[in-house]
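Engineer: based on what follows, work out the 3D shape:
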Amino acid sequence: EKERKIVSFSARTFSELLNDMFFIKNLYMKVALKNHINLFLKFRIVNT
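Structural biologist: Numbering: from 1, shown residues only. Prediction:
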């Protein structure tokens, strides 16, 4: 009984961890893309 509780708990925390990782990755990608586009635009403006 105790072992089953631990397994279900770890499974739940693992899925929550995956969700958090996914969320952070999405956030990071959005920020990185935005910064990348800004850098790209600045670069283009400087070069033209």
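Engineer: next, find the distance separating the spatially most central residue of the chain from Phe14.
Structural biologist: Geometric centre of the chain, nearest residue: Lys25, 1.3 Å, by CA atoms, centre = their mean. Distance from Lys25 to Phe14, counting by CB to CB, to the nearest Å: 16 Å. Where C-beta positions appear, they are placed from N, C-alpha and C, glycine not excepted.
Engineer: repeat that for Val31.
Structural biologist: Relative to Phe14, and taking CB to CB, Val31 is found at 26 Å.
Engineer: of all the residues in stretch 40-48, which ones are buried?
Structural biologist: For stretch 40-48, the neighbour count (16 or more other CB atoms under 10 Å) marks no residue as buried.
Engineer: quick one: residues in contact with that stretch.
Structural biologist: Outside stretch 40-48, no residue is within contact range by CB atoms under 8 Å, 6 or more residues apart in numbering.
Engineer: CA atoms of it as PDB?
Structural biologist: Taking Å, rounded to 0.1, in the frame of the first residue of the first chain, the C-alpha atoms of stretch 40-48 are listed here in PDB:
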ATOM      1  CA  PHE A  40      18.200  39.900 -37.100                       C
ATOM      2  CA  LEU A  41      16.300  43.100 -37.800                       C
ATOM      3  CA  LYS A  42      19.100  45.300 -36.200                       C
ATOM      4  CA  PHE A  43      21.600  43.400 -38.200                       C
ATOM      5  CA  ARG A  44      19.700  43.900 -41.400                       C
ATOM      6  CA  ILE A  45      19.200  47.700 -40.700                       C
ATOM      7  CA  VAL A  46      22.900  48.100 -40.000                       C
ATOM      8  CA  ASN A  47      23.900  46.200 -43.200                       C
ATOM      9  CA  THR A  48      21.600  47.900 -45.600                       C
END
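Engineer: just how off-centre is it within its chain?
Structural biologist: Centroid displacement of stretch 40-48 relative to its chain, using CA atoms, centre = their mean, to the nearest Å, is 29 Å.
Engineer: same check on stretch 9-24?
Structural biologist: With CA atoms, centre = their mean as the basis, stretch 9-24 stands 12 Å off its chain's centre.
Engineer: alright, I will stop here.
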